[in-house]
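1. Turn this into a structure:
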Amino acid sequence: MPRMEFDYVIVGGGSAGCVLAGRLSEDPGVTVALLEAGGTDKSVLIHCPAGLAVMAKQKTVNWAFETVPQPGLNGRRGYQPRGRVLGGSSSINAMVYMRGQPEDYDGWAAAGNPGWAWADVLPWFKRAEHNERGADAWHGSGGPLNVMDLVSPNPILPAFLEAGRQAGYAPNTDFNAATQEGIGTYQVTHRNGERFSAAKAYVTPHLGRPNLHVLTGVRATRVLFDGRRAVGVQALRDGQAVDVRARAEVLLAAGALQSPQLLLLSGIGAPDELQRHGITVRHALPGVGMHLHDHPDVVQVVQAPAAASTFGLTPGGLWQMLKGIGQWRRERRGLLTTNFAEAGGFIRSQPGEATPDLQLHFVVGKLVDHGRKTVFGHGYSCHVCLLRPKSRGSLKLAGADPLAAPRIDPNFLGEPDDAARLVRGFKLMRQLLQQPALARLGGRESPTSAAATSDAEIEQFVRNHADTIYHPVGTCRMGPGPLDVVDAQLRVHGLEGLRVVDASIMPSIVSGNTNAPVIMVAERASAMIRGSRYAPAPRQAAAAVV
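-> Residues are numbered from 1 along each chain as shown. Below you'll find the model as predicted:
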């Protein structure tokens, strides 16, 4: 069997894996291998921001998983898109830069994870960031990840922002500063009118490093051990089995769905689950694959005249698209620089909530079934998602075949409180979209949702249409308990030379989009691995006060 050897072997070329590869290879004294099952990120559909509307359907860059039937969604299977390309989901997502609430990270620390409170993680967010607005107490400048305002915001945005004010919500010009609450436009991970993925931030600029080896089309099938120490991974490359050995550490960064899958395939997990599939138990760790959770989300679609929407499958809309293609190619500006979810906000489902428990994403187009269904006509949409769901599910194996998709069960709306909050959220979203600023555009709610007026009818609409907004976490939970998988240094409990560095380690989901937090986690992990001398400057107390 062919064999390669490096100091660090990183499994997964997504956001976390790219950060690890870029940071660890800064040390010329070590060799780093980054293994990505998908291909390179050369497609124009990746670099053109509006290309994300196409990639939802393309399995060449998208694992396109499905959940098991969800009782809370009236038996429907949910869709679970995940990036299968260098850059991972940061190469196919909506590019929203969001950190979450300070209370999220303080909760991580309170759960037994020292060093992960808000005051601890803020410097790492800033270290990663180059915000084109400039550095301040909340933001960094000079970091690898470019963050900016949209260069060509959609003309409909002022109407949405005004509708938010009319509905009683405060404007917010920076969701990543002193407060998250309010309505505003989102900053995005763009640069010069293009998507700026984790690959473009951390890997592409350093491909010339002789100690960095980026291997695409390589799918890890199990972790290799010498006793209790991880010494590499077995993988498939062009249909051939290869061993990729690690002298120092194996770092799993395959995401909340595939890092636990790889642990289970390697004999690490609940013994009864492993034995059921004929897998030899190497290390009993019953928490592997448990605690899966995600942001459940439901969308309201508004049908509107062409004058109120620049996107639409009509002759006029297609002509606008053709003009937008030309402008983007010439100037990297215009219609195709959109991330579609250009604006939104954070609101409370009821007055007694300590912090916002709902997020809105205002989409400048009609969105149905993650964009997989063709919808004619013009309009716009709005998502409402539940930020801190109580429901917990699991990730399990479908069998011992390492190429089979895992059994994904987020248990959406398994807790009655989750459904009740989404019902309240849908009503608040509807009220916002009915405000005069948007109503004067002549739009009308899609008949599918408009028929739901009572709470019971809205709940059935939610159960019939809700799904993920693409933020699975928690399946290799960080903590000191018997069902936790990694410690506060992200080392797998009871084993050596093996860490998990991705969204799966989150003890609880953050209150917002997860890409920026994953990049922060990987920044912290890379410094842990390299040693404390690479730590950022001491925390700034003034910046930590909220």
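2. buried stuff in whichever strand in the chain runs longest?
-> Across the chain, the longest stretch assigned as strand under DSSP state E is strand 240-252. Counting neighbours by 16 or more other Cβ atoms under 10 Å, one finds that the buried residues in strand 240-252 are 242, 244-246, 249-252. Any C-beta I mention is one placed from the backbone N, CA and C, and that applies to glycine too.
3. Of those residues, which pair is most distant in space?
-> For those, the maximum inter-member distance is 18.8 Å, found between Val242 and Glu249 (Cβ to Cβ).
4. Let me see the contact set for Arg421.
-> Arg421 makes contact with 349, 357-358, 386 under the criterion Cβ atoms under 8 Å, 6 or more residues apart in numbering.
5. Now that we have those residues, can you turn them into CSV and tack on pLDDT?
-> Supplementary listing: the contacts of Arg421 in CSV, determined by pLDDT from 0 to 100:
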residue, pLDDT
Ser349, 98
Asp357, 98
Leu358, 98
Leu386, 98
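6. Of these, which is the most crowded?
-> Leu386 (29 neighbours; other Cβ atoms under 10 Å).
7. Report the contact partners of it.
-> Contacts for Leu386 were tallied using Cβ under 8 Å, 6+ apart; they are 295-297, 357-358, 418, 421-422, 425.
8. Strands of the stretch 201-350 of the chain, residue ranges please.
-> Remark: strands assigned in the stretch 201-350 of the chain by DSSP state E, counting those that start in this stretch are 212-216, 218-226, 229-237, 240-252, 268-269, 283-284, 290-292, 296-303, 312-313, 341-347.
9. Please tabulate the ones you listed in CSV, including the columns mean pLDDT.
-> Shown next, in CSV, are the strands of the stretch 201-350 of the chain (pLDDT from 0 to 100):
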stretch, mean pLDDT
strand 212-216, 98
strand 218-226, 98
strand 229-237, 97
strand 240-252, 97
strand 268-269, 98
strand 283-284, 98
strand 290-292, 98
strand 296-303, 95
strand 312-313, 61
strand 341-347, 98
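10. Make JSON lines from the ones you listed and add distance to Pro402 to it.
-> JSON lines is the format used below for the strands of the stretch 201-350 of the chain (distance: least, Cβ to Cβ, whole Å):
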{"stretch": "strand 212-216", "distance to Pro402": "17"}
{"stretch": "strand 218-226", "distance to Pro402": "4"}
{"stretch": "strand 229-237", "distance to Pro402": "8"}
{"stretch": "strand 240-252", "distance to Pro402": "11"}
{"stretch": "strand 268-269", "distance to Pro402": "14"}
{"stretch": "strand 283-284", "distance to Pro402": "18"}
{"stretch": "strand 290-292", "distance to Pro402": "20"}
{"stretch": "strand 296-303", "distance to Pro402": "30"}
{"stretch": "strand 312-313", "distance to Pro402": "40"}
{"stretch": "strand 341-347", "distance to Pro402": "34"}
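11. ranking those strands by burial, who's on top?
-> Highest mean neighbour count among those (mean count of other Cβ atoms under 10 Å): strand 268-269, with a mean of 28.
12. and which of the contacts of Leu386 is nearest Ala306?
-> Asp297 (27.3 Å).
13. OK, contacts around the closest one?
-> 383-386, 466-469.
14. Specify which member of those residues is nearest to Val500.
-> Distances from Val500 to these, taken by Cβ to Cβ, are shortest for Thr468, at 21.1 Å.
15. roughly how far apart are that closest one and Arg491?
-> For Thr468, the distance to Arg491 equals 29 Å [Cβ to Cβ, to the nearest Å].
16. so what's the nearest residue to Asn154 once chain neighbours are set aside scoring on pLDDT?
-> Counting by Cβ to Cβ, 6 or more residues apart in numbering, Val364 is the residue found nearest to Asn154 once chain neighbours are left out, at 4.2 Å. Val364 carries a pLDDT value of 92.
17. Please report how far Val364 lies from Arg332.
-> Taking Cβ to Cβ, one finds Val364 at 19 Å from Arg332.
18. Those two: which is more packed in?
-> Per other Cβ under 10 Å, whichever of Val364 and Arg332 has more neighbours is Val364, with 24 against 19.
19. Would you confirm that that one contacts Asn339?
-> No. Between Val364 and Asn339 there is no contact under Cβ atoms under 8 Å: 9.3 Å.
20. Val147 bridge partners, please.
-> For Val147, the beta-bridge partners are Asn131 (DSSP bridges).
21. Neighbours of it, how many?
-> Number of residues near Val147 (other Cβ under 10 Å) recorded here: 24.
22. same deal with Gly75?
-> Gly75: 9 neighbours (other Cβ under 10 Å).
23. The nearest residue to it once chain neighbours are set aside: neighbouring residues, count only.
-> Of all residues not flanking Gly75 in the chain, Pro69 sits nearest, at 5.0 Å (Cβ to Cβ, 6+ apart). Residues lying near Pro69 (other Cβ under 10 Å) number 12.
24. so Pro69 makes contact with Gly78?
-> No. Contact status for Pro69 versus Gly78: not in contact, 9.1 Å apart, counting by Cβ under 8 Å.
25. neighbours around Gly379, how many?
-> Counted with other Cβ under 10 Å, the neighbours of Gly379 add up to 25.
26. Tell me the confidence at Glu26?
-> Looking at Glu26, its pLDDT stands at 97.
27. Confirm it sits in a helix?
-> No. The assignment for Glu26 (DSSP: H, G, I helix; E, B strand; the rest coil) gives coil, which keeps it out of a helix.
28. What separation do you get for it and His206?
-> On the measure of Cβ to Cβ, Glu26 and His206 end up 8 Å apart.
29. same check, this time on Leu397
-> 35 Å.
30. hmm, back to that, farthest-apart pair in the contacts of Leu386, please.
-> Of all the pairs that the contacts of Leu386 form, the one spanning the most space (Cβ to Cβ) is Asp297 and Asp357, at 13.2 Å.
31. related to what we said a few turns ago, which stretch among the strands of the stretch 201-350 of the chain comes nearest Val54?
-> Nearest of the strands of the stretch 201-350 of the chain (Cβ to Cβ): strand 312-313, 13.4 Å.
32. Run a quick neighbour tally on Ala178.
-> Counted with other Cβ under 10 Å, the neighbours of Ala178 add up to 12.
33. So it, which state does it fall into?
-> Classified using three-state DSSP, Ala178 is coil.
34. Can you report phi and psi for Ala167?
-> Per-residue torsions, Ala167: phi -80, psi 0 (degrees, to the nearest 10).
35. So the nearest residue to it once chain neighbours are set aside: helix, strand or coil?
-> Nearest residue to Ala167 in three dimensions, chain neighbours excluded: Leu432, at 4.4 Å (Cβ to Cβ, 6+ apart). For Leu432, the assignment made with three-state DSSP gives helix.
36. how far away is Lys42 from Glu132?
-> 25 Å.
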